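Q: from the sequence below, what's the structure:
(4 chains)
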4 protein chains.
Amino acid sequence: MEEQIMIITMKAEATQEEIQAVIKKVEEEGLAIQLNEGLEKLVISVIGDTTKIQEALFEACDGVENAEKISSTYKLTSREFHPSSTVIDVDGIKIGDGHFVTMAGPCSVESREQIIETAKIAKAGGAQFLRGGAFKPRTSPYAFQGLEEEGLKYMREAADLTGLKVITEVMDIENLPLVAKYADMLQIGARNMQNFQLLRAVGKTGMPIALKRGISGTIDEWIHAAEYIANEGNFNILFVERGIRSYETYTRNTFDLSAVPAIKKLSHFPIMVDPSHGTGRWEMIESMSLAGIAAGADALIVEIHPDPANALSDGPQSLTPENYEKMMKKVTKLTAFMKEIDE
Amino acid sequence: MEEQIMIITMKAEATQEEIQAVIKKVEEEGLAIQLNEGLEKLVISVIGDTTKIQEALFEACDGVENAEKISSTYKLTSREFHPSSTVIDVDGIKIGDGHFVTMAGPCSVESREQIIETAKIAKAGGAQFLRGGAFKPRTSPYAFQGLEEEGLKYMREAADLTGLKVITEVMDIENLPLVAKYADMLQIGARNMQNFQLLRAVGKTGMPIALKRGISGTIDEWIHAAEYIANEGNFNILFVERGIRSYETYTRNTFDLSAVPAIKKLSHFPIMVDPSHGTGRWEMIESMSLAGIAAGADALIVEIHPDPANALSDGPQSLTPENYEKMMKKVTKLTAFMKEIDE
Amino acid sequence: MEEQIMIITMKAEATQEEIQAVIKKVEEEGLAIQLNEGLEKLVISVIGDTTKIQEALFEACDGVENAEKISSTYKLTSREFHPSSTVIDVDGIKIGDGHFVTMAGPCSVESREQIIETAKIAKAGGAQFLRGGAFKPRTSPYAFQGLEEEGLKYMREAADLTGLKVITEVMDIENLPLVAKYADMLQIGARNMQNFQLLRAVGKTGMPIALKRGISGTIDEWIHAAEYIANEGNFNILFVERGIRSYETYTRNTFDLSAVPAIKKLSHFPIMVDPSHGTGRWEMIESMSLAGIAAGADALIVEIHPDPANALSDGPQSLTPENYEKMMKKVTKLTAFMKEIDE
Amino acid sequence: MEEQIMIITMKAEATQEEIQAVIKKVEEEGLAIQLNEGLEKLVISVIGDTTKIQEALFEACDGVENAEKISSTYKLTSREFHPSSTVIDVDGIKIGDGHFVTMAGPCSVESREQIIETAKIAKAGGAQFLRGGAFKPRTSPYAFQGLEEEGLKYMREAADLTGLKVITEVMDIENLPLVAKYADMLQIGARNMQNFQLLRAVGKTGMPIALKRGISGTIDEWIHAAEYIANEGNFNILFVERGIRSYETYTRNTFDLSAVPAIKKLSHFPIMVDPSHGTGRWEMIESMSLAGIAAGADALIVEIHPDPANALSDGPQSLTPENYEKMMKKVTKLTAFMKEIDE
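A: The predicted model follows:
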């Protein structure tokens, strides 16, 4: 267990009674205190095992401006160390802090024709990125492993033809230089969330990284994984919620949208939602995409296929061109609307 | 395992080739077929273990209008048997099929003053129902068990004073007559989702029932629980998603918003979301409420407290009056907006 | 979250240095201390949120005899309040503290012939209890609900004929008097672990109670459920581990054998293991039964059926008479062996 | 979903009625059949989605010798393709099919003295392998990452001094040659269970591999991971059950002992149990070790430390020398006893 410090910032106008009430509350939890007189605000640091006391308990007290836990083990990724939201720039396309993007494409690149056709559909619907797998992590060594470099070339061509950016997964260090040559943004898959050597390697590239949450990764482990990337000096990190493993089998995974406010509270990096993997059911993608946007997501990634019924992989979770186009109309309207009500 | 039948409805204009393609696809799965010539549409019933074939696989085929699984074990709650969405009427207040309501109140009724004050806040914010616990299910026999009948009286008084409806939990048959006397809508708690005797008993009352999902209840078990109520002739059922138990501990529960499209696809009854229990963190309630609405929820229930820091229970997941009011402004705007984009 | 106190008992011969080292360790965790000079031993009570500090941390220190957490919310069930292991007596048959019993029978009582035949098999194999369901909790209201009173009569007759005791589930208060009339031991099913009204009611009967762990019940919730029974003055409680719900689907549930040492450490009541429900696979029952005994279980319950292939329920997890007999030979040998090596 | 074939082998003396009954049963499931007349036995292959029909259903039928599912996606690791149990040979030490070994050591190599002292304790207790981490996968980039090559040298020296074999984790391909130089057996950690590039690489070495189950790895995914190793021609694979992630927090992980009979049924490779990581609590290690042996495990790995209270990592789950010695006496007796009763 990692020790955490909770930092309670009192309002400038906080009274002595209010301050004493907070201190009393902390001591009732059997935790120690350290006071830091700020320029105009008092900061109360709570030391000890703060794992089980919730910030909410103190944020609800009079005179408290806010309460935050600072993990002693992640730093560069935490909002305490970078209070404003980070905006990633992928070759001119901004993500985060009000800049919303959509990424669309097939699970796997199957052929030059398929990816070019899909890229046109993605673009027409309003996406800025083309997604697609050239190297596929497969449970079985005998399953289709992707078109590899050929697939990367097709993606690049399709993206350039349509004016899209390329996001694709890098599975291992061996192929990192190859993938980096064709991609605009590198994706770390769920299985590799704690492949620390790979995290360090993509960190060194300085390229924008989409970091998927592990299938049973906790919020805490996920942010620590990002710390491995940031620790190499790479601050172009995009978290990706893609569903976690639970007992429920109706959906392929359990899509944890509470990860959106959680990441926004704990870290300054933007977060993208992936309802295709999150649910595994194409008929849920529209509603879960809208839900993700309403929750505050900075980006959306969906699987689309010209002919889902005959897709080599993930057919059941891919949108048809018609459903994708229909959904994107609502996505565009809702993102605009959310900006209004947040003002 | 329950056997399920999948019903594939072909479009009126489906060609013979398209029909044969679907039949071939079914046979490739090693499943048996039964054809029902409808008046103008062909219905293909797939018999056998359909648990693992997804509707999406067939809905993506040309000529298919839709594909649905019919569980042989739930009937009255399934959409096949009642294609249009059911609208519940709670003493003049409609829920479902476009009629959206909000319910707000404290976790527990603590005093006459507290519940009256909270009712006024709930009403001012725009809620139609007052929630509150008079009988509290508690893990420990020594924990505060609620004010019981006294609490029910206070709730009723507070609701009548403000023109709200009362929703409260009934924990057992023994107290059912008492709770029914004061409540407009009865809530079945997560721990009782499979308390079949209680489900039958509330079914017999004919009163509106809010059926919470069990903390590890599957979508399938949850709908079956509703079947126990419907089977007594009670069709006033409101499903409530309140978070499921997963390995993640950052949130109190894992709020499964994919339950919203799942219930809407499988059943005709409306569904409400409960982000207070779903996340256990007050700072997530606004974003998760908006997400629930965007996902298509028919109702929203939240915990509010005049003074969360000193609440007898669930303080950390209760909204302050200010945060509740702020959230409700957005809730109202978003519900209106969602109707527009759905047209 | 419930506050817990950790009680660290120092050895009589502990030195001042050793005592100071422990106190320092506690303070480093930011927790408060209270010293209780015993007759010859020093007891250090650690106050505050001890949720995350493990007893092991202190038990490993020189001079420490043992460290135990006392939940402030369960008392009668905790080992601190009753250091010696409780032995249950079911009409002359002892369970716990070295007294091992086996319970066997079908999932459901299907007919007089079936239960009598099964009782003879159970007895011949060496079981002391006949299990069987007369009232079945079923996910679907349309599934076979059991033979009810008729089934209870057959069980009683079969048990008396063979000199076995009857254990059967009571699902609700309504049928408690009826079930109590025929049974020697009442079983609370997993779905009812937190049906508090039912727990209180069976507590009042004073009869021996087998309390199954809820399908997603934590160890802590489970012991609290027992507290509801003990709080009515009923100390004839047998915990039953029957598998918990996890993401793994190969087994019906995930059989958590670590619950055996956990319960023995935290409570004084005996624990039984149920590998039939714990795994849902008959071919695993023998190995998991032996594992349970080696883990220290006080009792074993298994499902057997004269003809599993045609059982009305749970066929796949029922042993044939041959496999049951074969297993029981090993069970008998291993229980005897485990007593030896524990001496 | 991967298609599976179920192979039902009828007994030589099976009657036509018995054969027809089985075929009828299959057809009732809506599955297709293919008959293979063997030399003296009839084999019925069930084609289609067999995911949900259990072998048990057919094994319970008269005339059936056994029923097995063959996944079309793992081959070399499946028992169908290698019916007898594989025995691994680690430089003269056999594991599997009756050859039981114990591995013991600290979580991390902390110093030359610490590892030499621990090796002597491990050896004295009867272990054949020395475990210890030189490269540590850590959630945080700032946590102690191990002594690296220095640690490997110390382990090798300590092992040679005491006549033990070295097992240690290889975290990435970069360090594989280095680790391989010092180790007798390579361990793949839980986080790397699906690091396919690493699996292929250790496969190519031909060295004995201990493959830990991922923290949320299914039995099916785990066997597929082994297939990646076997597919490189390396048949020296030892599965390691080390606990899975569930909702329960009392134990660090949920120790899934049913994995032992599951692996023995589905694969021919031996399996080891790791109660230290499986439970995270030293006081449970003895009972869970004995349970693992009774369940049929081929090997046992435990964490021991000369001074757990001051261990750099995993102190709470490490045994003291005294407890280790006490446990090993029972381990030795029980392994001998289990051989007897299996005869």
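Q: rest of the way, CA atoms for contacts and neighbours
A: Fine.
Q: tell me the residues of the stretch 201-343 of chain A that contact chain C?
A: A:R245, A:S246, A:Y247, A:E248 (C-alpha under 8 Å from any C-alpha of the partner chain).
Q: of the residues you listed, which is the nearest to D:G133?
A: A:R245 (28.7 Å; C-alpha to C-alpha).
Q: correct me, but the closest one touches C:Y247?
A: Yes - A:R245 is within contact range of C:Y247, at 6.4 Å (criterion: C-alpha atoms under 8 Å).
Q: okay, those two: which has more neighbours?
A: Between A:R245 and C:Y247, counted using other C-alpha atoms under 10 Å in any protein chain shown, the more crowded position is A:R245 (26 against 21).
Q: quick one: contacts for the more buried one?
A: Counting by C-alpha atoms under 8 Å, 6 or more residues apart in numbering or on different chains, A:R245 touches A:I215, A:S216, A:N253, A:T254, C:Y247, D:S216.
Q: where do the helices sit along chain A?
A: Along chain A, counting by DSSP state H, helices occupy A:16-28, A:55-59, A:112-125, A:149-162, A:176-182, A:196-205, A:219-230, A:259-266, A:275-279, A:282-295, A:321-342.
Q: what residues are up against the residue of the stretch 151-300 of chain A found nearest chain B?
A: Nearest residue of the stretch 151-300 of chain A to chain B (C-alpha to the nearest C-alpha) works out as A:A291 at 4.1 Å. A:A291 sits next to B:L290, B:A291, B:G292, B:I293, B:A294, B:A295 when contact means C-alpha under 8 Å, 6+ apart.
Q: can you redo those as a markdown table with pLDDT?
A: Below are the contacts of A:A291 laid out as a markdown table (pLDDT from 0 to 100):
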| residue | pLDDT |
| --- | --- |
| B:L290 | 98 |
| B:A291 | 98 |
| B:G292 | 98 |
| B:I293 | 98 |
| B:A294 | 98 |
| B:A295 | 98 |
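Q: in those residues, which residue is surrounded by the most others?
A: Within the contacts of A:A291, neighbour counts (other C-alpha under 10 Å) peak at B:G292, which reaches 33 neighbours.
Q: how close does it get to B:T279?
A: Taking C-alpha to C-alpha, to the nearest Å as the measure, B:G292 falls 13 Å from B:T279.
Q: A:L35 now?
A: 31 Å.
Q: how far off centre is stretch A:111-123?
A: 25 Å (C-alpha atoms, centre = their mean, to the nearest Å).
Q: now stretch A:233-251
A: 7 Å.
Q: returning to what we had before: return the most buried member of the helices of chain A.
A: Comparing the helices of chain A by mean neighbour count (mean count of other C-alpha atoms under 10 Å in any protein chain shown), helix A:275-279 ranks first with a mean of 28.
Q: pull the CA atoms of it into CSV?
A: What follows is helix A:275-279 as a C-alpha-only set of coordinates in CSV (Å, rounded to 0.1, in the frame of the first residue of the first chain):
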residue,chain,number,x,y,z
PRO,A,275,-17.7,2.1,-26.2
SER,A,276,-17.0,-0.6,-28.8
HIS,A,277,-14.7,-2.6,-26.6
GLY,A,278,-16.5,-1.2,-23.5
THR,A,279,-19.7,-3.0,-24.3
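Q: how is chain A carved up into domains?
A: Annotated domains of chain A cover A:4-69, A:88-342 [automatic domain parsing].
Q: so can I have JSON lines of those domains showing distance to C:P275?
A: As requested, the domains of chain A are arranged in JSON lines below (distance: least, C-alpha to C-alpha, whole Å):
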{"stretch": "domain A:4-69", "distance to C:P275": "34"}
{"stretch": "domain A:88-342", "distance to C:P275": "20"}
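Q: rank these by pLDDT, which is bottom?
A: Note on these: domain A:4-69 shows the lowest mean pLDDT, a mean of 79.
Q: the residue nearest to A:A14 when sequence neighbours are not counted: neighbouring residues, count only.
A: Sequence neighbours aside, A:G63 is the residue nearest to A:A14 in space, at 4.5 Å (criterion: C-alpha to C-alpha, 6 or more residues apart in numbering or on different chains). Counted with other C-alpha under 10 Å, the neighbours of A:G63 add up to 21.
Q: what do you get for A:D91?
A: Residues near A:D91, counting by other C-alpha under 10 Å: 11.
Q: my read: it touches A:D184, true?
A: Yes - with contact defined as C-alpha under 8 Å, A:D91 and A:D184 form a contacting pair (7.4 Å).
Q: nearest to the spatial middle of chain A, which residue is it?
A: Closest residue to the average C-alpha location of chain A: A:F239 at 2.1 Å, with C-alpha atoms, centre = their mean.
Q: for D:S140, see how far away that residue is.
A: Going from A:F239 to D:S140 by C-alpha to C-alpha gives 17 Å.
Q: quick one on the thing from earlier: what subset of the contacts of A:R245 is also close to chain B?
A: Filtering these for proximity to chain B by C-alpha under 8 Å from any C-alpha leaves A:S216, A:T254.
Q: top of the contacts of A:R245 by neighbour count?
A: Neighbour-wise, the contacts of A:R245 (other C-alpha under 10 Å) top out at A:T254, 29 neighbours.
Q: distance of it from chain C?
A: Per C-alpha to the nearest C-alpha, to the nearest Å, A:T254 is found 11 Å from chain C.
Q: now for that residue: which residues touch it?
A: Contacts for A:T254 (C-alpha under 8 Å, 6+ apart) come out as A:G243, A:I244, A:R245, A:S246, A:E248, A:G278, A:T279, B:D256, B:S258.
Q: could you redo these as a markdown table and give each row distance to A:Q317?
A: Formatted as a markdown table, the contacts of A:T254 follow (distance: C-alpha to C-alpha, whole Å):
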| residue | distance to A:Q317 |
| --- | --- |
| A:G243 | 13 |
| A:I244 | 16 |
| A:R245 | 17 |
| A:S246 | 18 |
| A:E248 | 17 |
| A:G278 | 9 |
| A:T279 | 8 |
| B:D256 | 18 |
| B:S258 | 14 |
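Q: tell me the one of these nearest chain C?
A: A:S246 (5.2 Å).
Q: and that closest one, what is it in contact with?
A: Contacts for A:S246 (C-alpha under 8 Å, 6+ apart) come out as A:N253, A:T254, B:S246, B:Y247, C:S246, C:Y247.
Q: the first one against A:Y247, yeah?
A: No - taking contact to mean C-alpha under 8 Å, the distance of 9.1 Å between A:N253 and A:Y247 leaves them out of contact.
Q: export stretch A:6-22 as PDB, just CAs?
A: The C-alpha coordinates for stretch A:6-22 follow below in PDB (Å, rounded to 0.1, in the frame of the first residue of the first chain):
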ATOM      1  CA  MET A   6      -4.400  14.500   1.900                       C
ATOM      2  CA  ILE A   7      -4.100  18.200   1.300                       C
ATOM      3  CA  ILE A   8      -7.100  20.300   2.600                       C
ATOM      4  CA  THR A   9      -7.000  23.900   1.400                       C
ATOM      5  CA  MET A  10      -9.100  26.200   3.600                       C
ATOM      6  CA  LYS A  11     -10.900  29.200   2.100                       C
ATOM      7  CA  ALA A  12      -9.200  32.600   2.600                       C
ATOM      8  CA  GLU A  13     -12.200  33.600   4.700                       C
ATOM      9  CA  ALA A  14     -12.300  30.500   6.800                       C
ATOM     10  CA  THR A  15     -12.900  31.200  10.500                       C
ATOM     11  CA  GLN A  16     -10.900  29.700  13.400                       C
ATOM     12  CA  GLU A  17     -13.900  27.700  14.400                       C
ATOM     13  CA  GLU A  18     -14.100  26.200  10.900                       C
ATOM     14  CA  ILE A  19     -10.400  25.400  10.900                       C
ATOM     15  CA  GLN A  20     -10.700  23.800  14.300                       C
ATOM     16  CA  ALA A  21     -13.700  21.700  13.200                       C
ATOM     17  CA  VAL A  22     -11.700  20.300  10.300                       C
END
